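Undergrad: how would this look folded up:
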Amino acid sequence: MFLGIDLHDHEAQVAVVDDDGNLETEIRLPTNRLDDLAEEYAGSEAVIEASSNYRAAYEMLDEHLDVTVANPEKNRLIAEAPAKTDRLDAKRLAHLLHAGMVAESYVPEDEIRELRDLVRTRKSLVEERTAEKNRVRAVLKRTNNTYDSELFGPTGREFLTELSLSSPDRTIIEAHLAVIDELNTQIEVMEEKIERRVLESPAAQLLLTIPGVGQTTAAVIVAELGEIERFDTHKEVVSYAGLDPVVHQSGETEIHGSISKKGPGALRWALVQAARIAVRCEDYFGNFYTRLKRRKNDQIAIVATARKMLVSAFHMLERNEPFDPPEVSA
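TA: Numbers count the residues shown, from 1 in each chain. Alright, predicted model coming up:
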């Protein structure tokens, strides 16, 4: 049997196709009962689309079924269908699976998935903390209070304590500071868990030899790339990360525009941050960045440096070698 499963937050629509490609039955059930479905059709093949909520469903189904995770962007029969309903999507998925035409999405091993969850959660917490800090700054701006850039360390906290504010504004700032303190605690917990994973990962230890790459960046690269063996060339890695320039072609003229940004945003962000550090402390990346910045601008140069760093990381992981760039002339 071939099961096409259209997932939603609380319900799933299922189409079951037999070995001859005929629709056998259609089922709608709560997502928390997908394990019952898997037991009933144990040994069959199933397909779900990669989405924000696919992980829990995948783990329930995978125990009894051969599960394929479909890439929604590459399954054009579904993405470009003129009519889209849960029933139609489930049937299309089932028929694509039966025909062997599903464009698959990569599902990493458990260890990589767990690390990915940790680094993505850390990123989310850091973004929430930044939003809370900006809310504090907004109150200060509204009350015409100038402040130093170092606002949330010991000196900044002392400044905020001594600041003359109305009672409501004081209450608002203290509420945001309390949230920031809790987020700091949770971020530290995440970073401790990430650090332990990095210590246990030979791939992450190799990446730490790249100037500018710290514990978190190494973890992000390992988590977002997954098994390096799935990439044949450095161009595939660059494309996966969304760091490849978009090419616009007209006749024989090619124009290279901005990067595609198709891959995981967390990976691009981590590489750019690492590149910012590397260009200040290492000649291989520093000289490359400086030469390009003279001809282009800072943003183009730093993104290109991040791309170069990713290519270095790919070859290091592929060859199981530490960072060892060629000699660079001044």
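
Undergrad: Tell me which stretches of the stretch 151-300 of the chain form helices.
TA: Assigned by DSSP state H, counting those that start in this stretch, the stretch 151-300 of the chain shows helices spanning 154-162, 167-199, 202-207, 215-225, 234-240, 265-281, 283-295, 298-319.

Undergrad: Let's have these in CSV, adding mean pLDDT.
TA: Shown next, in CSV, are the helices of the stretch 151-300 of the chain (pLDDT from 0 to 100):
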stretch, mean pLDDT
helix 154-162, 91
helix 167-199, 96
helix 202-207, 96
helix 215-225, 95
helix 234-240, 93
helix 265-281, 93
helix 283-295, 92
helix 298-319, 94
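
Undergrad: Pick the most deeply packed of the ones you listed.
TA: helix 215-225 (a mean of 25; mean count of other CB atoms under 10 Å). For every residue, glycine as well, the C-beta is placed using N, CA and C.

Undergrad: Quick one: distance of it to the chain centre.
TA: Relative to the chain's own centre, helix 215-225 is displaced by 10 Å; criterion: CA atoms, centre = their mean, to the nearest Å.

Undergrad: Mind giving me the packing neighbours of it?
TA: In terms of contacts (3 or more CB pairs under 8 Å, 6 or more residues apart in numbering; DSSP states H and E), helix 215-225 is packed against helix 110-142, helix 167-199, helix 202-207, helix 265-281, helix 298-319.

Undergrad: ok so, going back, dump the helices of the stretch 151-300 of the chain to a markdown table, plus distance to Leu97.
TA: Listed next are the helices of the stretch 151-300 of the chain as a markdown table, based on distance: least, CB to CB, whole Å:
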| stretch | distance to Leu97 |
| --- | --- |
| helix 154-162 | 56 |
| helix 167-199 | 34 |
| helix 202-207 | 32 |
| helix 215-225 | 27 |
| helix 234-240 | 24 |
| helix 265-281 | 29 |
| helix 283-295 | 45 |
| helix 298-319 | 32 |
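
Undergrad: who wins for proximity to Thr143 among the ones you listed?
TA: helix 167-199 (5.9 Å; CB to CB).

Undergrad: now that closest one against helix 215-225, angle please.
TA: 70 degrees (axes from the mean of the first three to the mean of the last three CA atoms, to 10 degrees).

Undergrad: quick one: helix 167-199 to chain centroid distance?
TA: Using CA atoms, centre = their mean, the offset of helix 167-199 from its chain centre is 22 Å.

Undergrad: cool, and stretch 181-201?
TA: Using CA atoms, centre = their mean, the offset of stretch 181-201 from its chain centre is 17 Å.
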